[in-house]
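> take this sequence and fold it.
(one chain, ligands or ions: 1)
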Amino acid sequence: MSKTANAAGATARPAPRKPVRPSSVVLKLIMAVSGVLLILFLYAHAAGNLKIFVGDEAFDHYAHWLRTIGTPLLPDAWFLWIQRIGLLVAILAHIYAATALTRRAKKARPVKYAHRPKVQGSYAARTMRWGGVIIVLFVIYHILDLTTHHLNPVKDAEHPSANVIGDFAPERWYVTLFYVVAVVAVGFHLRHGIFSAARTLGQQTKQGERRAKAIALVLAVVLVAMYLSVPFAVTTGLVG
Ligand code: HEM
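Numbering: from 1, shown residues only. Next comes the predicted model:
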């Protein structure tokens with residue numbers, strides 16, 4: 001008798017294979033690694049933008065350099081494309097892990113709390129979800145604005161500084177406002193993300209929690225200030 005035949009002689013069907021599901025720890029690790037990559041990009045990008053305070057030429061030179069990093073070892077713009085693909089993978093991985101973790105948390109509590117207090121957890125989860133949506137929409141707009149220039153009023157491929165200055169002209173206050181909303185959303189996202197990552201890494205003491213909160217707040221505020229200084233300086237005529 002074959003191994004899969006039962007006592008009555010019938011052949012037992014092999015159990016259907018369960019789809020491979022990454023564990024919650026793996027998902028949190030994906031969130032953390034992709035989050036760190038995105039934070040590194042955000043800081044580098046914010047620091048580069050500050051070149052506009054040195055002058056138009058310095059900013060344009062910097063923007064040109066972004067396209068030639070790695071040459072002559074790599075052909076022109078290769079590094080830029082490697083970075084773009086890396087960013088896209090990091091964003092998709094971050095969204096995938098966040099969605100899967102949220103679904104699992106919901107499944108773990110199929111019956112809703114009868115009197116759910118307005119706990120910080122649900123507030124933070126909502127903020128992260130909607131903040132994430134605003135950030136994704138902003139990045140799409142931002143690429144169409146300052147990378148492909150479809151939505152930019154100046155569209156000067158040689159002088160990215162002119163595109164930035166044209167963007168935040170006082171009469172385009174609504175564009176500036178959108179940038180402010182998006183950058184503040186990035187700040188909230190970053191603050192909560194860093195704080196949650198510290199918890200995932202095992203941070204549990206009261207004192208450690210206070211410290212993690214303070215570090216997360218400082219990192220977020222510094223980043224927001226770096227980004228917002230550019231539209232603020234252009235709108236007020238400090239730059240341009
Ligand atoms: C208000 C502040 C910002 C300014 C002035 C600014 C400026 C720029 C400029 C000039 C470019 C085009 C670079 C080039 O093609 O030469 C660019 C590209 C980009 N920015 Fe920003 N940016 C700002 C905020 C942000 C924020 C908050 C994010 C992310 C949430 C972001 C993400 C990107 C991405 C993903 C690209 C595309 C890079 C590429 O071409 O591959 N930027 N930005």
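
> from here on, contacts and neighbour counts on C-alpha atoms
OK.

> so what's the nearest residue to residue 37 once chain neighbours are set aside up against?
Nearest in space to residue 37, with sequence neighbours left out and distances taken as Cα to Cα, 6 or more residues apart in numbering, is residue 90 at 7.1 Å. Shown here is residue 90, whose contacts under the criterion Cα atoms under 8 Å, 6 or more residues apart in numbering are 34, 35, 37, 38.

> what parts of this structure come near the ligand?
Residues of the chain lying near the ligand by Cα under 6 Å from any ligand atom: 49, 63, 84, 135, 139, 143, 146-147, 160, 179, 183, 227-228, 230-231.

> centre of the chain to the strand or helix carrying residue 43, how far?
Element membership for residue 43 (DSSP states H and E) is helix 24-49. Computed by Cα atoms, centre = their mean, to the nearest Å, the separation of helix 24-49 from the middle of its chain amounts to 7 Å.

> got it, and stretch 142-160?
The gap between the average C-alpha position of stretch 142-160 and the chain average comes to 22 Å, counting by Cα atoms, centre = their mean.

> may I have it exported as PDB, CA atoms only?
What follows is stretch 142-160, C-alpha atoms only, in PDB (Å, rounded to 0.1, in the frame of the first residue of the first chain):
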ATOM      1  CA  HIS A 142       6.100  66.800  -6.900                       C
ATOM      2  CA  ILE A 143       7.700  64.600  -9.600                       C
ATOM      3  CA  LEU A 144       5.300  66.000 -12.200                       C
ATOM      4  CA  ASP A 145       6.300  69.500 -11.000                       C
ATOM      5  CA  LEU A 146      10.000  69.500 -10.400                       C
ATOM      6  CA  THR A 147      11.400  66.400 -12.200                       C
ATOM      7  CA  THR A 148       9.300  66.100 -15.400                       C
ATOM      8  CA  HIS A 149       8.100  69.800 -15.200                       C
ATOM      9  CA  HIS A 150       4.600  69.000 -16.600                       C
ATOM     10  CA  LEU A 151       3.000  71.000 -13.800                       C
ATOM     11  CA  ASN A 152       5.700  73.600 -13.300                       C
ATOM     12  CA  PRO A 153       5.100  77.200 -14.400                       C
ATOM     13  CA  VAL A 154       8.800  77.700 -15.600                       C
ATOM     14  CA  LYS A 155       9.900  74.300 -17.000                       C
ATOM     15  CA  ASP A 156      13.600  75.200 -17.300                       C
ATOM     16  CA  ALA A 157      15.500  72.000 -17.600                       C
ATOM     17  CA  GLU A 158      18.900  73.800 -17.300                       C
ATOM     18  CA  HIS A 159      18.000  75.800 -14.200                       C
ATOM     19  CA  PRO A 160      16.200  73.800 -11.500                       C
END
